[in-house]
Structures are given as C-alpha cells and as structure tokens.
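A.B. asks: Here is a sequence with its predicted model. Questions after.
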Amino acid sequence: MSSNYKPQLIEKTIQDKWDKEERFLAKIDDREKFYCLSMFPYPSGKLHMGHVRNYTIGDVISRYKRMNDFNVFQPMGWDAFGLPAENAAIENKVNPKDWTNANIDNMKKQLKSLGLSYDWSKELRTCDPKYYKWEQLIFKKFYDAGLVYRKKSIVNWDPVDETVLANEQVIDGKGWRSGAQIEIKEIDQWFIKITEYAEELLDSLDDLDWPENVKLMQKNWIGKSNGAEIKYKIDESDEYLTTFSTRPDTIFGVSFLAISPNHPLAIDLSKKDQNILEFLEKCKDIKAAEADIAKAEKLGIDTEIKVIHPLTGEKLPLWIGNFVLLDYGTGVVMGVPGHDSRDYEFATKYELNIKQVIKTKDDDLPITENGILINSDKYDGMTSEEASNGIIKELVKLDSGAHLIQFRLRDWGISRQRYWGCPIPVVYENGVPKVIEEKDMPIKLPELDKNSPPIPLSQNKEFIGIKDGVIRESDTFDTFMDSSWYHARFTSSNNEDQIFDENTDYWLPVDLYIGGIEHAILHLLYSRFFHKALRDIGLVEGDEPFKKLLTQGMVLKDGAKMSKSKGNTVDPQSYIEKYGADTVRLYMMFTSPPEQSLEWSESSVEGASRFLKKIWNLVNGRKYKKFNKKLEFNKEEMSVRRKSHATLKKVENDYEVRFAFNTAIAAIMELINFIPDEYRNEDASDAQKYCLDEAIMFTLKMLSPISPHICEHLWNDFYLDESSIDKWWPKFDENLLEVEEFELIIQVNGKVRGKINIDKNIEQKEIESSALNVENVKSHIGSSKIKKAIYIKEKLINFVI
RNA sequence: GGGGAUGUGGUGGAACUGGUAGACACGCUUGGCUUAGAACCAAGUGCCGCAAGGCGUGGGGGUUCGACUCCCUCCAUCCCUACCA
C-alpha cells in the first residue's frame, strides 16, 4: 500500500470516532484520578499560538496519563466577561453577548480541530447566569463571613468620556479613545479582605509542588516585613502621623516626613492653600499603575507644617510626595535620605538635610545595607539589629510606636464600572448597602438590543431604579473573580441545584494546572485565596486548589508578547488547515521546552510535517508480526533493540518528570534514524523484522500523546489487537539496557585528545595505559611528566601535565 | 522604581548530578533522481586556518585537573507591577 499521508482525511474521522465513543467523558471510578487543567481562554475570537502551545501541553500529559491507567479529567471553558467584548461592541456596533458567543463558537471549532481530549460535557462560560449565579452566592457568603467591605480608592478617570479607564487604556497619560488627559479620581468600591489570609497564603507556599520562581514571586508580592510603627506628633496640634518603617535603626537619620497626595491631610490642606491645590492637581495626571508612579519624576511640596521627632524632639518638615502610595502602609513615609535611595533622590532635589547614621565599609551615600550605628545618641556602635530592638523598646515606652509586622499585599478591589461583567448582587436602601438573598439570585445582567453598544450599568435607569429610595448596585465584579473558582465549578458544572457536589470532592484538587507565566501572581494568588476562603465557609475540601503547576513561557513575536492589542498575532488556523493538527502539535512541542519563552518563526513547521510523513511511509500497510519461536539477535540487532528500550525509558522520564517534550521528540527521531534501512526489506530476517516492529510499536505509543490522530490511525492497522492505542503503555526491559563497552574520553590538561572503546570491567591501571597508547594523546604529552591522572568512572580520564 | 526570568552556530534548541559543547531539527552547500521544478535520497555544514593547530556558550573577573553549569560584577532582552487577560 503506498497511499500518501493526508492528515485532512484522517483527523476528522478519528475525532468523530472519539466523540461517538465518548472517549474523554470523565466519571468517578476506582482508578487513581488525575485532574489536568489548562487555563481557560478569553474568547477573543481566534485561537492564538499561546493557546495552541498551552493546550497541547495539557493534552499530551492527559493522554500520557490516560495510557498509564489514570482516570483523567480534562475540561475546557470560557473566561467570557471582560473589557475586549465592550471595546469590540463599541467599534462594531454589536452587543457584547452576541460578539462573545460568536467568538466562543469559532474558537471551540478550532479547539476541536486540534484534537484535544477534553470532556466537553463539562464546558462552562463565566458570562452564563448559570455560572455567575453561584459567584454572586459566593460574594454573599464572603460578605456574611466579614470578608467584604467598602472603601474609597483611586481610578483612572476620563473626564471627556466620563468613564473609568483600565491601566492599559491610558496611553501616555491620555485616554485612548478621547485623547483627554486622564485624572485620578477617588470613588467608593467593594473590597475583599485577602489580607486576612496573607500569612496562610505565604506559609502554605512551602508545601506546593510549584516552580520555585513562581513561589518566590508570590512570596515577594505578599511581602511580609518586620518593622515598626512610629508616631510623629504634628507641631501645634494634638494630631499624630503614623509611619511604618522596616528600618527603625535609621530613625536618627530622619530629615523629613512625606504623605501621599491622596492622604486626607493633604486634601484638607489643599482647601486652604492654592499652591498645594495646584500641586495635588498636577499629581492627578499620573496614571494609577504602580510602574508609572514609581517611574514618574519625584515631585514634592513643603506643607510648612512641622512634625516632632519622637526621640530627638527635633522639628522636621512635612512634605507631600507623589511617590507615596496611600494604599501601602499608612500613606506616610519617614524620609531617611542617607539610607534609602528614593529618599536620597528626593532630598537632593529639594535640598533637604542628609544625615549618615549607619556605617559600613562603603562610604558612598545612600548606604542601604545594615551596618554599625553612628550619630545616633546612645545607640552609637550597635549593629542595625541591636539598635532596631532597642529603639522599638524605647518608642513603646514613650507611647510613640510599636513593633509591627506588615504585608505589602493589599486588599482586593473587586468593583468595576462596566457593563460586560457579573453584576454585584447588592441594593442600596437610602444609601445603605444590602446584599440580596440567595433566592433572588442571579441578578441578571440586563439584555441589550441587537447592535446596541454597551452602556455602563450606572447609566441604565431601568436596571438601577427599583423603587423610591432603593437602587441597585451598578458595579460589576473584576473578571479575576470569575476565574478564581472555575477550576472547582468544572467538577459540578451541570448541577443547577448545587454549587458543588460529590464530584467536586472526588476531583479536587487540580493535579496539574498549566498556564502562562504572566499569571504567576494575580490569578494564581486570587485562586489560592478563594479556595481557602471557600474551605472556611465549608464549600470545598483541602487547603490549595492546584497541587502542581506548570508555567509555560510566552509566545513572542518580534520580541514582544503576542497579543491582539499589539497586533502581532499569528493565526494557527492556516497551519492546521495546511499541515494538519498533528503537525502543528508536534511542531509546538518540538520547538522549545514549555517553560521557556518561544520566539515565533515560520521555518521549521515543514520539518515536523516531514517527520510525520516519514513515520507514515514506514508504518502504513505494515502489520506487526507475532513470532511463536524464540528469536536470536546478533550484535547489531541487539543495539537496535537497546535503542528502542532506552528511548522508551527516556521518553517516560521526559513526559513524566521533566515535561521536556522537545527532547522526547528528538529521542524518537533518533530511534527512527538508527534503524538500518535493510530491516524494511521484504527479505529481512525474522529477527530484523521483529526489531523494526518493536521500534514502530514503541514509536506509535510514544508519539501518540503528541500527534494522536496519525498514531491511532496507523495503530489500528498495524497492531492486531482489539484495544485502542490509548489503553496501555509499553514496558521497557531494563536487562536490554546493559552495555559491555563504553567510550572513554581521554583528556590532556582538560582538553579532549582521544576516544577509545573500552570494556566495562577493566581496571583503572589498564585503562590508563591503554589511554596513554593513543597516538594523539602521546604527542600531546610528549616528554612532559604526568602530575596526576583523574579518572571518572565509565566516562573520562584526564592527564594533568 | 521594585519583583521574576532569559542570553549557546545563519535559526529553534541539546548537554538531566561540575566531566566529549552544538544531540535533534530548520536553513544553506554539493551530488543523485527529473525535460524542468516540487517532493524524495546521499554527503557536508560552530568560527579562524592550506595544515598542524588555535578560538568558542552576552562582556569582564574568579574557584577547579576540568565551567554553558558554581561565585562576583557589568550589559542586553522579555514578563509581572494590583482595572488587559
């Protein structure tokens, strides 16, 4: 049989077969369970390469686990609320729901064409009231547990469009659509007390089987720090300002205090002082994102108010500084220019006093490390640590401070002033907020007319107005809320009566979670928090949602993250159509290891396709031959068998332990290259045929998680067995891996000068003399004396001369 | 500004525990097949050099018999930075 490899013909047929057999439907059974979850996509319209990479990784592992007799659950759904739907709606005059649903339909088709082994019966979308009904209930439960509160916080305000803008919608300080200079505005918003779980979120990181870099990022983000709260009395007033510092040992170096432009005192002062008012107005021009505030030129204004140093009694100036964040700590910082680089920069600019109070080997200010105290009264000569303890004690005695553990983590603001999100289930009776009852949930997002662009809920009079004195909340949830618990809802997504059920207890936690490294902090931290809070409410079991985490690197193009907003996406669809899903999957897995970022290049897709053609031509029409007699293998045949078994061993390790699919594929390619051509001939010996059949059998099995269609198609004709290819995984024979000989590397002064094959059982003395007999080695040693010979067992020998 | 990563041939990458740098591919060169091309097959391919040999894993320094791997330092690029998801 010599028909050519035509993926378009076989892939659809195989996929239909999977559907018909309900091959990937997950049910509770006696086997060990494996819940494999890939981060669900935002339905932007088309699949991009990042999705293909992410979902292929998850599918390879799911299929491998299934072959190894695990009960695998791999669902897929849609993170369907969000900003892009509103933008598209305005641009194209469609309503966000229709736009989103159309995108989902298209992307689902694309996912199906990739042959991903999902249990589609559990599909969910976050914009569906059947989903967000339960999210509203969770909000209520959190509220009842005291985890929800309201406070003022700042947003980017577009004064022309009169809307709140996301950080990415502010470009160079201007609204992206209106072009107006944005301003910082303070509004009332809903918050969730994630900080109540800060300590646990930090501590339980240790037990997670997650990449160290992600754990470190979360640890730094939570940012537990040990320091002191220090009170400064405002001169000619009974009021105090409280600061937090991790370096109480530098207190004698304080030369000013600075408060945030959003601090109540600053706002108070601006009402009386025109200069301060103008300064605060200027501060409103910087967008609310942390990176922008940190990178902005440091500006300040002297309030003319003095504060009193609690230990020296010295009167210090009080400034307003644009680099002080109200949300972090107390919104007041003590300026120690000698020992903090940001304070140093500020003090230099405004000619404030700079005083050295810590001495180290290095004398250039600012010195930010710990050292020995100077210019610090009775603390002179102490180490930073001793002095900190002493100073805190003294402050406590004076009622001017206390030891304090502080977290960098802030409470989670969940209010968004948009249309396309989950409505927050609250009504206001005469301005007093009240969470609505479960029986009245879901509060549904109001429908829009066809072709109607979204209007924020706050402008939807029908939705807001209930009766006199009673109005509905018009904010929607942050979409991170939607994605913080979907992993749990997947297990019970068809249950309309209960949020979770016995399936939830069976499947949770997620055994392997796979997604982009860009989610290392926010999404993963919010999900961890949700899981713990849901646990404390009694809705889920266990302390953590994701047992193991695999973070895939970004797919880059032209050195930047592929994203719709940058317009540098590559559409996988054309590749799937031209080469087939198996080639695209193979290419994505072969081209780089999952954790590394991948710079997109056109070039080697052809190579992946070529390899599958090679497999096709090798296997198509061939039947696995069973022998009743015992076969004898010569040396060459043994080496082929050894290669087959060694490859199987390596591939297992690459799939299971290292997630290194690229090297697994390379090993399979090596195996195919290794088999002598004549083994394929009609007149090859039985032993040769057996060796080739064994290699093919292993290859189809090993490759099937990556390129499942071609492997299953070939398998059904090749291997005369009732079972489908995903029923079992072959076993390698450890005895076949043993070798008699090894290649010895001979070095002179660490440089390779020769290689010889040597029997494993030979003594070191003999190895040395054989090595010294090699011509090239002799000539490099010449008449020099050998100072020593370093022998690494079964690897190399190095002569030092 | 802070936090986290990455840097190896013309390209993607390999080297898993300090022990042969460049596996496996892409590309390119030459040859075969072909009227021609595509496809396929074979050989070659880190750089310099006729060769012997030397050099070589972002730059500089260090530890070691031996460093892509460990340490110090500098540079470049990417991601996150709480309202993109």
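C.D. replies: Received it, and whenever you're ready, just let me know what you need. Numbering: from 1, shown residues only, chains lettered A, B, ... in the order given.

A.B. asks: Is residue A:187 in contact with residue A:151, as I believe?
C.D. replies: No. Using CB atoms under 8 Å, residue A:187 is not in contact with residue A:151, being 10.2 Å away. Using the backbone N, CA and C atoms, a C-beta is placed for each residue, glycine as well.

A.B. asks: pLDDT wise, what is the single nearest residue of the stretch 501-650 of chain A relative to RNA strand B at?
C.D. replies: Distance from RNA strand B to each residue of the stretch 501-650 of chain A (CB to the nearest atom of the strand) is smallest for residue A:607, at 2.6 Å. At residue A:607, the model reports a pLDDT of 90.

A.B. asks: again with residue A:578
C.D. replies: We have a pLDDT of 91 for residue A:578.

A.B. asks: Is there proximity between stretch A:149-167 and RNA strand B?
C.D. replies: Yes. Stretch A:149-167 reaches RNA strand B (CB under 7 Å from any atom of the strand) through A:155-156, A:164-167.

A.B. asks: Out of those residues, which sit inside strands?
C.D. replies: The strands, defined by DSSP state E, take in A:155-156, A:164-165 from those.

A.B. asks: most neighbours, which of these?
C.D. replies: Most neighbours among these, by other CB atoms under 10 Å: residue A:165, with 24 neighbours.

A.B. asks: Give the closest residue to that residue in space, chain neighbours not counted.
C.D. replies: residue A:156 (4.3 Å; CB to CB, 6 or more residues apart in numbering).

A.B. asks: Touching, the one you found and residue A:168? I think so.
C.D. replies: No. Using CB under 8 Å, residue A:156 is not in contact with residue A:168; the gap is 10.1 Å.

A.B. asks: Any figure for the gap between residue A:304 and RNA strand B?
C.D. replies: Distance, residue A:304 to RNA strand B, by CB to the nearest atom of the strand, to the nearest Å: 28 Å.

A.B. asks: OK, contacts around that residue?
C.D. replies: Applying CB atoms under 8 Å, 6 or more residues apart in numbering, we find residue A:304 in contact with residue A:317.

A.B. asks: Wasn't it part of a strand?
C.D. replies: Yes. Per DSSP: H, G, I helix; E, B strand; the rest coil, residue A:304 lies within a strand segment.

A.B. asks: quick one, domains of chain A?
C.D. replies: A:31-125+A:197-223+A:453-466+A:483-602, A:225-407, A:605-734, A:741-800 (automatic domain parsing).

A.B. asks: and residue A:509, how many neighbours does it have?
C.D. replies: Using other CB under 10 Å as the criterion, residue A:509 is surrounded by 19 other residues.

A.B. asks: C-terminal to the helix or strand bottoming out on mean pLDDT in chain A, what's the next element?
C.D. replies: When the helices and strands of chain A are scored by mean pLDDT, DSSP states H and E, strand A:560-561 comes last with a mean of 72. Next along the chain after strand A:560-561, taking DSSP states H and E as the criterion, comes helix A:573-579.

A.B. asks: which helices and strands does the helix or strand just after that following helix pack with?
C.D. replies: Following helix A:573-579 in sequence order, the next helix or strand is helix A:581-591 (DSSP H and E). Secondary-structure packing of helix A:581-591 (3 or more CB pairs under 8 Å, 6 or more residues apart in numbering; DSSP states H and E): helix A:7-21, helix A:49-67, helix A:573-579, helix A:605-619, helix A:661-674, helix A:708-718.

A.B. asks: Deepest in the core, which of those helices is it.
C.D. replies: The highest average neighbour count among these, using mean count of other CB atoms under 10 Å, belongs to helix A:49-67 at a mean of 24.

A.B. asks: Show me which residues of the stretch 201-350 of chain A are close to RNA strand B?
C.D. replies: Contact residues, the stretch 201-350 of chain A versus RNA strand B (CB under 7 Å from any atom of the strand): A:212-213, A:216-217, A:220-221, A:288-291, A:294-295, A:328, A:341-342.

A.B. asks: do that again at 6 Å, thanks
C.D. replies: With the criterion set to CB under 6 Å from any atom of the strand, the stretch 201-350 of chain A comes near RNA strand B through A:213, A:216-217, A:220, A:289-291, A:294-295.

A.B. asks: now those in a markdown table, with pLDDT?
C.D. replies: Shown next, in a markdown table, are these (pLDDT from 0 to 100):
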| residue | pLDDT |
| --- | --- |
| A:213 | 94 |
| A:216 | 95 |
| A:217 | 95 |
| A:220 | 95 |
| A:289 | 93 |
| A:290 | 91 |
| A:291 | 92 |
| A:294 | 88 |
| A:295 | 88 |
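
A.B. asks: Just among those, which is most surrounded?
C.D. replies: When those are compared by neighbour count (other CB under 10 Å), residue A:217 ends up highest, at 16 neighbours.

A.B. asks: residue in the stretch 301-450 of chain A nearest to RNA strand B?
C.D. replies: The stretch 301-450 of chain A approaches RNA strand B most closely through residue A:410 (3.7 Å), counting by CB to the nearest atom of the strand.

A.B. asks: Assess the claim that that residue and residue A:328 are in contact.
C.D. replies: Yes. In this structure, residue A:410 is within contact of residue A:328 by CB under 8 Å, at 6.9 Å.

A.B. asks: what's the closest non-adjacent residue to residue A:496?
C.D. replies: residue A:130 (6.5 Å).
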